[in-house]
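Chemist: Fold the following.
(2 chains)
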Amino acid sequence: MSVYIAAAAYADVEMHDGGFLARELRRADDFIRYGALAILALQRRLPGKTGQFEDHCGLFLGTAHGPMTTTFRVLDQMLAEDPVSPTLFSQSLFNAAAGQLAQIFRLLGPAFTVTDFAFPFFQSLQQACCALESGAVSTCLVLQVESYSPLLVDAGSKDDPAAAPLPPGACALLLAGRPASSKSWHIDKFRLNLQQASPHTLLHEHESMTINDATYHRGSLGNCRQLIDCIVSSKISGLDVRLQAEYGEVELRLSL
Amino acid sequence: MGICCGAGSRLESVWKSLLDHQVCCTQPQENFFPPHQSSPLFTVQEDNPLAVINSLWRTQLQQQPLRDINRTTALALLAATQALEQSQIGASEIRRKRLGIVVGTTVGCTFHNEDYYLAWKTGQDQDVGRVLAYIDSNIAARLHAILGTSGPRAVVTSACTSATDAIGLAHLWLENDLCDVALAGGCDEISRFACHGFSSLKLLSPAPCRPFDRDRQGLNIGEGAGILVMESTGHAAARGGRVLGKVLGYGCASDAYHPTAPHPQGLGLQRAVVQALAAAGISLDDIAYINAHGTGTRTNDLAELTALQHLGLTADNPAIIQSSKGLTGHTLGAAGGIEAVITLQSLHSQYAPGTTGCTHPDPDLPLPVLTENDGCTLHGCRALNLSLAFGGGNSALVLEASA
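Modeler: This next block holds a predicted model:
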């Protein structure tokens, strides 16, 4: 496998763009906003600070729940028998974020959205690796974006009152078929195995992640953020990552 | 290959409808559209798609995961079992394989249960089971459970290119040895949500749609599924299976232009077609038939044909341009799958049915299209299958019929 990680970053609810994307995001929902902020943060970490992605850069966005809050805003209008806002409807489509992110960052390659409650980030990583290895793209962004609607948070707490709400946000990696710098991580091994699982496990994202000797239980997006922290700040030359859940397992080995 | 849509619930009936231009659209239920607005719907005739699954396959399905499946998954299952039946890969054999399942959908991934949402919003106590049922409804995962199979899965939710992308992705999975066999395509059911949404965009035709016609008024929404059984050449040879066709190339590119409108020159589509043709190692001159996205909106029709013109296609090229949506409606995430099946059937029959509803082509179109009464013989075995999506997605498949 010849896939390298050129940059990594994430965005959370606290993050702001400093006005940099004010125009582009003026009508965007949170789902699009989180994705844009994660890519912006990643762009600022690109070697050479050119701030530009290659023309045919692809975008593979994974999500468990998509823009659910926007779906409900459309339902609000339908139930009130008000005219549906075309902007809201178009943003309620699961690929609206990928399309708008492609427009904002001028990504002219494939812009895919894959939806699964199990390991959505790693599912998009799998598709991105396939696209890179087939030569369909030479660079691509891998994202997970979640905005977790209040309805979902309520359902989670009713299903398990002890469960902590999952934090919304977005995680992003930039993959390339060749190293962007001497500090590029190489993906030595990546294996994703998905299983059938109970909806309770999927709703609460009960998954554990081990990176070298440390174990984390932070839900899907939280675990990805932890992984990105390790990728960005690790002082060692290898990361052995293993995620395990009722819904499957992920094995990822990275080396500098 | 398997198919169900407004034109029929099996390949034979769909093909007959295409040849006869037998439009079977229905009037929507009350409240499906906003007041004073309406548009015909292309629905699959079976209220219960599971009832028409081949009886041999029906006995092989896992019963517990079949309970409470939503209509989108039922349509996918109907098409998937038809495709498996035609491939002659039996249930026990498919369970021994690494089966990749990759399906595209638009409606099938969203939670838009109005009763539950209204109850939640007004503070009434609700059964969380509705949310859990939604979490349990991932189409690819559910199909694996029903078929009793294992292997990689993905649900592609790239709006109207979803199914074309799903087939492209399955092609990449097979190339990368992620699976032995793949079920790939798309599925979608009609929803009040989509009807209101498309109505807000003023894209719906109040009459049956007429792709490429000068008097077209927009698109109609449809439902259905189109699924292919895909395998590597080596795998097909080893089992001695009949090969209907090949995916020679796949391309996908973004317009990066507008949230809902295609680029006027179809720049993303041009890049997707170039990529697909390059992967196939052929040129546009080698294409006999183009199954266009052809929704029946002016912006789509013009962008699509302008893109093909900019790629060098002229009236002198052998490629025949046609749209199937006059008979299927726009089936959203299922469209690319349904049209891949129709494309392969057209290549096998060496015949392209005319574009239902197109009697007087729009004079502004830069290229000639096949009108309703001009169905014609194809001279070649390769075709392009095109899909465009909201968000500026564009996808192209190069398909070849096997002898």
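Chemist: Low-confidence ranges, chain A, go.
Modeler: Across chain A, the ranges flagged by pLDDT under 70 are A:1, A:48-51.
Chemist: how about the strands in it?
Modeler: Ranges of strands within chain A are A:4-12, A:58-63, A:111-115, A:139-146, A:169-176, A:185-194, A:207-211, A:214-216, A:238-245, A:248-255, based on DSSP state E.
Chemist: ok, now chain B?
Modeler: Using DSSP E, strands in chain B cover B:2-5, B:41-42, B:99-104, B:153-156, B:181-188, B:221-222, B:224-231, B:245-254, B:289-291, B:320-322, B:351-352, B:376-377, B:382-389, B:393-401.
Chemist: how about TSV for those strands, with distance to A:D154 added?
Modeler: Just so you know, the C-beta spots here come from the backbone N, C-alpha and C atoms, and that holds for glycine as well. As requested, these are arranged in TSV below (distance: least, Cβ to Cβ, whole Å):
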stretch	distance to A:D154
strand B:2-5	37
strand B:41-42	34
strand B:99-104	30
strand B:153-156	25
strand B:181-188	28
strand B:221-222	32
strand B:224-231	33
strand B:245-254	36
strand B:289-291	45
strand B:320-322	49
strand B:351-352	53
strand B:376-377	58
strand B:382-389	32
strand B:393-401	33
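Chemist: now the strands of chain A as a markdown table including distance to chain B?
Modeler: Below are the strands of chain A laid out as a markdown table (distance: least, Cβ to the nearest Cβ, whole Å):
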| stretch | distance to chain B |
| --- | --- |
| strand A:4-12 | 17 |
| strand A:58-63 | 8 |
| strand A:111-115 | 5 |
| strand A:139-146 | 11 |
| strand A:169-176 | 15 |
| strand A:185-194 | 6 |
| strand A:207-211 | 14 |
| strand A:214-216 | 23 |
| strand A:238-245 | 13 |
| strand A:248-255 | 10 |
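Chemist: what about residue 209, how many residues close to it?
Modeler: Just so you know, I chose chain A. 23 (other Cβ atoms under 10 Å in any protein chain shown).
Chemist: Wait, chain B was what I had in mind.
Modeler: With other Cβ under 10 Å as criterion, B:C209 counts 33.
Chemist: What pLDDT does the model give the residue nearest to it when sequence neighbours are not counted?
Modeler: Excluding the flanking residues, the one nearest B:C209 by Cβ to Cβ, 6 or more residues apart in numbering or on different chains is B:G296, at 3.7 Å. Looking at B:G296, its pLDDT is 96.
Chemist: got the contact list for B:G296?
Modeler: Residues near B:G296 by Cβ atoms under 8 Å, 6 or more residues apart in numbering or on different chains: B:205, B:209-213, B:216-220, B:323, B:325-326, B:330, B:357.
Chemist: picking up where we left off before, tell me which of the strands of chain B sits most buried.
Modeler: Each of those was scored by mean neighbour count; the highest is strand B:181-188, a mean of 33, by mean count of other Cβ atoms under 10 Å in any protein chain shown.
Chemist: and it, anywhere near chain A?
Modeler: No - Strand B:181-188 stays clear of chain A (Cβ under 8 Å from any Cβ of the partner chain), getting no nearer than 12.1 Å.
Chemist: sorry, back to before: now the strands of chain B in CSV, please, with extra columns for distance to A:C130 and mean pLDDT.
Modeler: What follows is the strands of chain B, written out as CSV (distance: least, Cβ to Cβ, whole Å; pLDDT from 0 to 100):
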stretch, distance to A:C130, mean pLDDT
strand B:2-5, 25, 97
strand B:41-42, 33, 97
strand B:99-104, 11, 98
strand B:153-156, 10, 98
strand B:181-188, 12, 98
strand B:221-222, 30, 98
strand B:224-231, 14, 98
strand B:245-254, 11, 97
strand B:289-291, 25, 98
strand B:320-322, 31, 96
strand B:351-352, 33, 97
strand B:376-377, 38, 96
strand B:382-389, 19, 98
strand B:393-401, 15, 98
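Chemist: Near the residue of the stretch 251-400 of chain B found nearest chain A, how many other residues are there?
Modeler: Of the stretch 251-400 of chain B, the residue with the smallest distance to chain A, taken as Cβ to the nearest Cβ, is B:G391 at 2.2 Å. Other residues near B:G391 number 31, with proximity taken as other Cβ under 10 Å.
Chemist: Can you give me the pLDDT of it?
Modeler: 90.
Chemist: List the residues that contact it.
Modeler: With Cβ under 8 Å, 6+ apart, B:G391 has these contacts: A:90, A:93, A:95-96, A:98-100, A:102, A:111, B:158-159, B:254, B:259-260.
Chemist: What separation is there between it and B:G234?
Modeler: 36 Å (Cβ to Cβ, to the nearest Å).
Chemist: Ranking by neighbours, what's the top pick from the contacts of B:G296?
Modeler: B:C209 (33 neighbours).
Chemist: No further questions, thank you.
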